[in-house]
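Asker: Okay, structure incoming, though there's no sequence with it:
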Ligand code: SF4
């Protein structure tokens, strides 16, 4: 275990100096110049962006962030939104439990905190769906609390600065301790964002640009020539494959058969085409309504965090007046493929050639 205190003493001022010149321009960010003029970040926007950025890239998040903030400009507006509206707007961003927790959290802020986010990491952690990372990030960025913010970028930078050889995820406590020792009492919010920016733009995973790095003289991994090898990662177990069948039905008037998935479980609360259960053994047919289902020989492939999914496609045209025992008909004029989760959009793209 390395000691961050002595080696890390001069890192914060150097990194803040670099951030003042090279901070990324992000739609949810109050940059260093505006911050120095006294502008304060809006905690709602910081929180929203941090929830969206979990497991997702900045590039993927930007459009979602813009649409959410145009439609729901503050936490009270989001708290008043309907579940289905928010889930539809989130569609495609993945990890749908985040969207359900987002709504729960917004409603708790309005109901229990008079519409104002708590101002400490500890207070924020008490809200539904806010874990240690998000609490620390919002407390640091929005309220300048000297909270330790450790995302994947920060883990990488710290592992390299101090040559932490322990593989992830076992190294997390050590990396957090080292990051905490680096966090300054002055401008901790800018420091947290500077670490993230350095990891995202300079100290990148495969080929760190050490030649332009402000921390090159403090970096042990660079000195030892092992920067690109860190952080080490424990080998991942191979993902199992699950199978299922997805049923895409279209009525003669153009309506599509959709159902809202159960609240708990994958894609919980999202709208989609009916499917069988997903299991490692090939499933039996479980069509949502009696029809002349055909097998176009296509398969929807999608990867979740813990498994690969293969869904065999079935399609059917059904006459008007058919009442489904499962799901409901969505008229063609109201059907928005963009409001479907990515897996279901893939099924739609495969089926549309046969059914449109
Ligand atoms: Fe990363 Fe290289 Fe900078 Fe070290 S010198 S922090 S490895 S970019």
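Answerer: Yes, it's here. None of these values were measured; they are calculated from a predicted model.

Asker: hang on, residue 316 in a strand?
Answerer: Yes: Residue 316: assigned to a strand according to DSSP: H, G, I helix; E, B strand; the rest coil.

Asker: For it, name its beta-bridge partners.
Answerer: Residue 316 forms beta bridges with residue 249, as assigned by DSSP bridges.

Asker: residue contacts, residue 203?
Answerer: Residue 203 makes contact with 153, 156-157, 160, 209, 213, 227, according to C-beta atoms under 8 Å, 6 or more residues apart in numbering. For glycine as for every other residue, the C-beta is placed from the backbone atoms N, C-alpha and C.

Asker: Among those, which ones lie close to the ligand?
Answerer: Contacts with the ligand are made by 157, 160, 209, 213, 227 out of the contacts of residue 203, judged by C-beta under 6 Å from any ligand atom.

Asker: Need the buried ones from those residues selected in ChimeraX.
Answerer: This is the ChimeraX syntax for the buried subset of these, where burial follows 16 or more other C-beta atoms under 10 Å:
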select :157,160,213,227
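
Asker: Can you tell me which residues in the chain are near the ligand?
Answerer: For the chain, the residues in contact with the ligand (C-beta under 6 Å from any ligand atom) are 157, 160-161, 202-203, 208-210, 213, 215-216, 219, 221-222, 227.

Asker: go with 5 Å
Answerer: For the chain, the contact set with the ligand under C-beta under 5 Å from any ligand atom comprises 160, 202-203, 208, 210, 213, 215-216, 219, 222, 227.

Asker: returning to that earlier point: show me the contacts of residue 203 that map onto helices.
Answerer: Among the contacts of residue 203, DSSP state H puts 153, 156-157, 160 in helices.

Asker: Nearest to residue 353 among the residues you listed?
Answerer: Closest approach between those and residue 353, by C-beta to C-beta: residue 153, at 41.3 Å.

Asker: could you dump the residues of the chain next to the ligand to TSV with pLDDT?
Answerer: Output for those, formatted as TSV (pLDDT from 0 to 100):
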residue	pLDDT
160	98
202	98
203	98
208	97
210	97
213	98
215	97
216	97
219	97
222	97
227	97
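
Asker: of those, closest to residue 323?
Answerer: Of all these, residue 203 has the smallest distance to residue 323: 58.7 Å, by C-beta to C-beta.

Asker: State whether the closest one is indeed within a strand.
Answerer: No: using three-state DSSP, the secondary structure at residue 203 is coil, not a strand.

Asker: Distance check, it against residue 307.
Answerer: Noted for residue 203: a distance of 32 Å to residue 307, by C-beta to C-beta, to the nearest Å.

Asker: Point me to the residue of the stretch 251-356 of the chain nearest the ligand.
Answerer: Nearest residue of the stretch 251-356 of the chain to the ligand: residue 305, at 27.3 Å (C-beta to the nearest ligand atom).

Asker: On the three-state scheme, that residue is what?
Answerer: coil.

Asker: what do you get for residue 300?
Answerer: strand.

Asker: re earlier: nearest to residue 179, of the ones in helices among the contacts of residue 203?
Answerer: For the ones in helices among the contacts of residue 203, the nearest to residue 179 is residue 157 (8.6 Å; C-beta to C-beta).

Asker: The closest one and residue 182, how far apart?
Answerer: In terms of C-beta to C-beta, residue 157 sits 9 Å off from residue 182.

Asker: For these two, list the residues in contact with both.
Answerer: residue 195.

Asker: contacting residues for residue 228?
Answerer: Neighbours of residue 228 in contact, by C-beta under 8 Å, 6+ apart: 206-208.

Asker: Strands along the stretch 251-356 of the chain, start to end?
Answerer: 256-260, 271-272, 299-303, 308-318, 328-330 (DSSP state E, counting those that start in this stretch).

Asker: now these in CSV, with distance to residue 35 and mean neighbour count?
Answerer: Below are the strands of the stretch 251-356 of the chain laid out as CSV (distance: least, C-beta to C-beta, whole Å; neighbours: other C-beta atoms under 10 Å):
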stretch, distance to residue 35, mean neighbour count
strand 256-260, 43, 20
strand 271-272, 41, 21
strand 299-303, 39, 15
strand 308-318, 44, 20
strand 328-330, 46, 17
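
Asker: I am finished for the moment; much appreciated.
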